[in-house]
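Chemist: Pasting a predicted model and its sequence here:
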Amino acid sequence: MTHVAYPGIQREAYISIDVETSGPNPSDYDLLSIGACLAEDMDQGFYIELQPVTGNAIPGTLAISGLSLAELAETGVPPATAMARFELWLHEVVPQTHRPIFVALNAPFDWMFVSDYFHRFLRRNPFGHSALDIKAFYMGLVGANWAQTSMRYLSARYLGGRKLTHNALQDARDQAEVFCHILQEARSRFESDVPE
């Protein structure tokens, strides 16, 4: 598949990211695990579990992920070290000629935690201040309504009905698979409209 090139625009490396947290916002709750992979090379993956910072949790949230604050306090990586390792992995898998693009299903949630932790512990975010939301991308491409962008619909269309595991790395890979299908559809439509 050929790509339309525009002068002066940096090439992009799409990074599929999923997080597990102890609650709905990073000021009151903890980022517990990060999973990431290159969207177009899912074998290139990253996974890390973090030590809690606040110790706050919504019980139902922990039940979904199966993670334990007490266990992570003992076995998790300190957040500053975890974010430094994540940044190092990005430098290893993203060529210097490319810009890493944060991609997630419901990206505002995942990006909020990742950006907060990058800025809080490293004083920088290698993704900058933007993210690509798979739900919004799909909605715009096919004209779906918001309710039809849930993983239930996307999995039925692209993953044979496979459900998310709530392991951050596996979920990042599943999201990457969905994203690549949508991206292929978008590229096919765009390139068919480009004059010869």
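Modeler: Sure thing, it's come through. Remember, predicted model here, so these are calculated numbers, not experimental data.

Chemist: by contact count, what packs against the longest helix seen in the chain?
Modeler: As assigned by DSSP state H, the longest helix anywhere in the chain is helix 168-193. Helix 168-193 sits against strand 11-21, strand 31-38, strand 41-49, strand 98-104, helix 134-142, helix 151-158, with contacts defined as 3 or more CB pairs under 8 Å, 6 or more residues apart in numbering; DSSP states H and E. No exception for glycine: its C-beta is placed from N, CA and C like everyone else's.

Chemist: hmm, 10 Å instead?
Modeler: strand 11-21, strand 31-38, strand 41-49, strand 98-104, helix 107-122, helix 134-142, helix 151-158 (3 or more CB pairs under 10 Å, 6 or more residues apart in numbering; DSSP states H and E).

Chemist: Might you list the low-confidence residue ranges for the protein?
Modeler: Along the chain, the model assigns pLDDT under 70 to residues 1-9, 192-196.

Chemist: again, only using 50
Modeler: Scanning the chain for pLDDT under 50 picks out 1-6.

Chemist: List the contacts of R120.
Modeler: For R120, the contacting residues are 26-27, 31, 53, 79-80, 83, by CB atoms under 10 Å, 6 or more residues apart in numbering.

Chemist: Let's see which of these end up in strands.
Modeler: L31 (DSSP state E).

Chemist: now for the contacts of R120, which pair is the farthest apart?
Modeler: For those, the farthest-apart pair by CB to CB is S27 and A80; their separation is 17.5 Å.

Chemist: Without its sequence neighbours, what residue ends up closest to N56?
Modeler: Leaving aside its sequence neighbours, N56 sits nearest to Y29 (CB to CB, 6 or more residues apart in numbering; 5.3 Å).

Chemist: Right, I'll call it a day here.
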